[in-house]
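A.B. asks: A predicted structure for the sequence below; I have some questions about it.
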Amino acid sequence: MALLLLLSATACQQAPKPTPTATAPSALASSSASAAVPAPAKPWFEGAWQGAFRAELFRIELSVGGVKEWKQDDGKQASGEGTLALQAAADGTVTGTARGALGDLSVAGRADGDRVALTLAAADASGFHGLILASQTPEGMKGTLNASSGDSLQVRQASVTLTRAAP
């Protein structure tokens, strides 16, 4: 029995002793776990966008009734080129400006899934107001702009193409 205790004590003395480390086991576990989890992907819409449109007359025709000014609108006023500058946040909030044939407009809206819905508003009530509905494409976003003057007597429509703005 004494021999067994002697062998046991000798074996314990010859066994390699663990070397102390600067990192505690709990810190190792948490750093390993965080390294294994990838960062969440950036939403496709997040960032700066730029675009262009060409506003044109949108003729509203009603079989009965209607507003006579709609028929009298020749489409010469408030038609032509325009530009958009937008900023989309990770939470889907979109803000920006539109300039051109429809005047200077503020833009606000949301990106959700693969679609974007934006409202256009002029600084004064008589200016143009409207909507842009766009969808994600391989090139960026494409959609339609619909707007009318404050009194709704002039109605315009345009195709809209948005691409990533240069950094």
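C.D. replies: Structure's in. What do you need?
A.B. asks: Need the phi and psi values for Lys68.
C.D. replies: phi -60, psi -30 (degrees, to the nearest 10).
A.B. asks: now do the one 5 residues further on
C.D. replies: Main-chain torsions, Asp73, degrees, to the nearest 10: phi -70, psi 110.
A.B. asks: Near it, how many other residues are there?
C.D. replies: 20 (other CB atoms under 10 Å). C-beta here means a position set from N, CA and C on the backbone, and glycine is covered the same way.
A.B. asks: got it, and Ala98?
C.D. replies: Quick note: Ala98 (other CB under 10 Å) scores 29 neighbours.
A.B. asks: Could you check how far it is from Ile60?
C.D. replies: Distance from Ala98 to Ile60, counting by CB to CB, to the nearest Å: 22 Å.
A.B. asks: ditto for Ala121
C.D. replies: 21 Å.
A.B. asks: now do Lys42
C.D. replies: From Lys42 to Ile60 the distance is 41 Å (CB to CB).
A.B. asks: More neighbours: which of these two?
C.D. replies: Ile60 (13 against 9).
A.B. asks: Surely the more buried one and Gly66 touch.
C.D. replies: Yes. In this structure, Ile60 is within contact of Gly66 by CB atoms under 8 Å, at 7.0 Å.
A.B. asks: quick one, helices of the protein?
C.D. replies: 2-14, 25-36, 68-72 (DSSP state H).
A.B. asks: Strands of this structure, residue ranges please.
C.D. replies: 47-57, 80-88, 93-100, 105-112, 115-122, 129-137, 140-148, 155-164 (DSSP state E).
A.B. asks: count of residues packed around Gly75?
C.D. replies: Gly75 has 14 nearby residues by other CB under 10 Å.
A.B. asks: Can you verify my assumption that it contacts Ala55?
C.D. replies: No. Using CB under 8 Å, Gly75 is not in contact with Ala55, being 9.3 Å away.
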